[in-house]
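Visitor: Need a 3D model of the following:
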Amino acid sequence: MPELPEVEVTRLGIAPAVTGQRLEALRLGKPLRWPLGCAPEQLAGSTIEGVRRRGKYLLFDLDGGRLLMLHLGMSGSVRILPRNLPFGPHDHVDMVFAGYLLRLHDPRRFGALVFAESADAPLVRKLLAGLGVEPLSEDFTVEALARGLRQRSLSIKQALLAGDVVVGVGNIYASEALFLAGIRPTTPAGKISRLRLARLHAAIVQVLSEAVRRGGSSLRDFTAADGSHGHFQLSANVYGRQGQPCRQCGSPIRQIVQGQRSTYYCPHCQR
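Guide: Alright, predicted model coming up:
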């Protein structure tokens, strides 16, 4: 599933191409998770004023304060392609511009593109209001992390994945950040000391920043806007390395299941 780094890599790839451009047409293929919310013809002639990201949503700011919200779902990716290219079996949305198009490719069809009349619309509030602080923003501080985790009995790994304290720390990145911080993923979130939370805060920022720099992780379907694959997974310390020696101490990496998601950790380095 594309997580925050993959969505940010996508944003960085498409924003320069579409910002300030006129949307000539919006073409829809097979239905996705949610309906668009308006007739596609209604958006023809709109200008894309910018592309932002909130959590795993890409937000296309349209003229007049309107908004298009794109979610990549479990297998989605966005490519910049020649405008005359026909739909393939797993292509679902084309945003058509003067010399090219922006296409959503999503084999599992859990992605979505939805329209809102404004950034204050009920749908926008419903989808974004419960998201935690952005981990690569100035608002993500040790205090914010400590405040969000205070008195929570949930394991730290599951608390990070919940997304209501800090948004976008997906499965691979939570495992990697907890390894760097030396924290066992089963530790109750509310029992972690301030010193260890400071290490975790720094590790989250480090891991996500490095993942963006490496183009994200391409575990299955994800590609960037230019078709390239991410490479973060190739340098993972624990994720996907069960039974292999820890890069720091040599102990075999262990795998457990938490909330139906695989977790990887070193039993010696993480306490």
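
Visitor: list the buried ones in the lengthiest helix in the chain?
Guide: The helix that spans the most residues within the chain, counting by DSSP state H, is helix 194-213. For helix 194-213, burial by neighbour count (16 or more other CB atoms under 10 Å) applies to 196-201, 203-204, 207-208, 211-212. For every residue, glycine as well, the C-beta is placed using N, CA and C.

Visitor: Pull the distance from that helix to the chain's centre.
Guide: Distance of helix 194-213 from its chain centroid, counting by CA atoms, centre = their mean, to the nearest Å, is 16 Å.

Visitor: list the helices and strands the next helix or strand after it packs on?
Guide: Going down the chain from helix 194-213, the next helix or strand is strand 254-258, by DSSP states H and E. Judged by 3 or more CB pairs under 8 Å, 6 or more residues apart in numbering; DSSP states H and E, strand 254-258 is in contact with strand 261-265.

Visitor: buried residues in the strand it packs on?
Guide: Neighbour counts using 16+ other CB under 10 Å place 263-265 of strand 261-265 among the buried residues.

Visitor: try stretch 24-42
Guide: Those would be 26, 29, 32, 36, for stretch 24-42 by 16+ other CB under 10 Å.

Visitor: Please tabulate those in TSV, including the columns pLDDT and secondary structure.
Guide: What follows is those, written out as TSV (pLDDT from 0 to 100; DSSP: H, G, I helix; E, B strand; the rest coil):
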residue	pLDDT	secondary structure
Leu26	98	strand
Gly29	92	coil
Leu32	92	coil
Leu36	97	coil
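
Visitor: between the residues you listed, which is nearest Gly88?
Guide: Distance to Gly88, by CB to CB, is smallest for Gly29 among the buried residues of stretch 24-42, at 8.9 Å.

Visitor: and that closest one, backbone torsions?
Guide: The phi/psi pair for Gly29 (degrees, to the nearest 10) reads phi -100, psi -130.

Visitor: right, and it touches Pro86 too?
Guide: No: the pair Gly29 / Pro86 is not scored as a contact, 10.3 Å apart, by CB atoms under 8 Å.

Visitor: which two from the buried residues of stretch 24-42 end up farthest apart in space?
Guide: So, those by CB to CB: farthest apart are Leu26 and Leu32, at 13.0 Å.

Visitor: joint contacts of the two?
Guide: The overlap between the contact sets of Leu26 and Leu32 (CB atoms under 8 Å, 6 or more residues apart in numbering) consists of Val93.
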